[in-house]
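Visitor: With the input below, show me the fold.
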Amino acid sequence: MPSSRSAVETIAAPAVRAPRWRRGFGLVAALSALVVSTVACTALIIHLSWSWTAQQNVADVVDQLNAQIAGSVRRELQGLVAATLSLQEAVRSIFAEGALMPTEPEKRAVLFLSLLRSQPGVSWVSLGLPDGGFVGAQRQGEHEIDLVEVERRAPPVLHVDHYRQTTDGMLLRARETMATDYDARAEDWFRRAVEARGPHWTQLPHLPNSARNAITTATPLVVGGELAGIVNIAIEVDRLSRFLTGVRIGRTGSAAILDPSGYVVASPDADTIRLQEGHETPTIEALAARDAMFRIAADYLKRTGLEVTGITQPMQMMVSGDPGGRDYFIALTPLDFQGWILATVIPADDFLARISSASHCCASPGSCVTSRASSSSAFSRSRRHCANSTISRPR
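Guide: Okay, the predicted model is just below:
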């Protein structure tokens, strides 16, 4: 009998041991899957929340960057405007106080040449005369100045003296004389200054011997109660465009200064600078056709119906600008001068690409380590459970 029971136990033991092992292994597998899924969900939640926070931080960084860019452009513009108005008042005061008469050509020429040399950002110093005549000095490049005079005799004559700056002063290189029909009294800058009875800004002024795009401020010169002329100081706007070429807009962004009439005042685009040198002002649409980055801002303005005149406070938004799904930050900032605004476009990839790359680099190793740790832990628990089952089996 005892031997019979022993045989039964010997035969039955494997039948009992197999189900215990399978149940133990299934429990360990379920726990391992639970641990891995919990870790994966936690990592995903952390990754998504961190990515969202990173994007918000990037928006703040872009906002600060745009504020710095706008501040830089505004300071440059304000400096040019301040220098122009100061020079205008200096010329007006010299003539109005009688230190020099507008009818003294030689002294007048020396004055204009000296004043223009003292202000590198100014392009023209000139005087429109009551009879329609004109006298002025125009900067030509970094080292040359033209002295321009229109005599309203019969017939009117234009004189142009070409000077070059040397270590000994201004050297006369050449002199030209030609017929002209220029009459200062018919020009917008002259008429508007007379009507305003004070300083008045005019875009695209028509000046003799010049086809360059400019903005000018003109003010009446009154001597002895009579109009003695209109003092006119001009800034050629391609100088602002060249300034923008030196401003870094993120890594690959772009910028432009726009006026309320829908034209581009300044842009680092090389074709725009050439057009400005040729007395042409590109429209927003024309610049958008050449500059793919600026096209993002132009399309946004067109799509939303937003006018330059309606932008009175700084604005920033992130838009999807191309079929590839790339995002862009657009900033529109008033420059507090003549209704001009600064439009900047910066690809989000300039910032988010690094964050996304860092996120993948951090997330992938972490997930692998966590999975391996969970698998190792589960495998260890499985082996311990099997060992315990073997040791505790009935004899």
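Visitor: burial of residue 80, as a residue count?
Guide: Residue 80 has 21 neighbours, counted by other C-beta atoms under 10 Å. Glycine gets a C-beta too; all of them are placed from N, C-alpha and C.
Visitor: State the helix or strand in which it lies.
Guide: Secondary structure from DSSP states H and E places residue 80 in helix 2-96.
Visitor: And the helices in the stretch 151-300 of the chain, which stretches?
Guide: Counting by DSSP state H, counting those that start in this stretch, the stretch 151-300 of the chain forms helices over residues 188-196, 238-245, 270-277, 284-290, 292-304, given from the N-terminal end onward.
Visitor: Kindly report the domain assignment for the chain.
Guide: Using automatic domain parsing, the domain parsing of the chain gives 55-79+239-351, 100-236.
Visitor: for these, which one sits closest to residue 89?
Guide: Each of the domains of the chain has some distance to residue 89 by C-beta to C-beta; the shortest is domain 100-236, at 8.1 Å.
Visitor: and that closest one, how far out from the chain's middle?
Guide: Relative to its parent chain, domain 100-236 has a centroid offset of 34 Å by C-alpha atoms, centre = their mean, to the nearest Å.
Visitor: Next, the distance between the ends of that domain.
Guide: Between the opening and closing residues of domain 100-236 lies a distance of 27 Å (C-alpha to C-alpha, to the nearest Å).
Visitor: now stretch 336-343
Guide: First-to-last distance for stretch 336-343 - C-alpha to C-alpha - comes to 14 Å.
Visitor: for the record, mean pLDDT for it?
Guide: Mean pLDDT, computed over stretch 336-343, is 94.
Visitor: Number the chain from 20, please
Guide: New numbering, starting at 20: the last item is stretch 355-362.
Visitor: List the buried residues in it.
Guide: Buried residues in stretch 355-362, counting neighbours by 16 or more other C-beta atoms under 10 Å, are found at 356, 359, 360, 361, 362.
Visitor: Kindly report the same for stretch 117-132.
Guide: Of the residues in stretch 117-132, those with enough neighbours to count as buried (16+ other C-beta under 10 Å) are 121, 127, 128, 130, 131, 132.
Visitor: Confirm the last one sits in a strand?
Guide: No: using DSSP: H, G, I helix; E, B strand; the rest coil, the assignment for residue 132 is helix, not a strand.
Visitor: any residues touching stretch 137-145, and which ones?
Guide: Contacts of stretch 137-145 with the rest of the structure, by C-beta atoms under 8 Å, 6 or more residues apart in numbering, involve 98-99, 102-103, 106, 110, 131, 134-135, 153-158, 167, 226, 229, 231, 233, 235, 250-255, 258.
Visitor: Redo the buried residues of stretch 117-132 as TSV? Include distance to residue 335 and pLDDT.
Guide: Shown next, in TSV, are the buried residues of stretch 117-132 (distance: C-beta to C-beta, whole Å; pLDDT from 0 to 100):
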residue	distance to residue 335	pLDDT
121	50	82
127	50	89
128	50	89
130	47	92
131	44	93
132	46	91
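Visitor: Most widely separated two among those?
Guide: Farthest pair in the buried residues of stretch 117-132, by C-beta to C-beta: 121 and 132, 15.9 Å.
Visitor: Poorly predicted segments of this protein, please.
Guide: Using pLDDT under 70 as the threshold, the predicted model of the chain has low-confidence ranges 20-47, 50, 54, 58, 62-77, 340-343, 371-414.
Visitor: and with 50 instead?
Guide: In the prediction, the chain carries residues with pLDDT under 50 at positions 20, 22-32, 34-35, 376-414.
Visitor: Quickly note the distance from the closest residue to residue 227 other than its chain neighbours to residue 278.
Guide: Closest residue to residue 227 in three dimensions, ignoring its sequence neighbours and counting by C-beta to C-beta, 6 or more residues apart in numbering: residue 201, at 4.6 Å. In this view, residue 201 and residue 278 are 26 Å apart by C-beta to C-beta, to the nearest Å.
Visitor: Please identify which of these two sits among more neighbours.
Guide: Neighbour tally, residue 201 and residue 278, criterion other C-beta under 10 Å: the higher count belongs to residue 278, 21 against 18.
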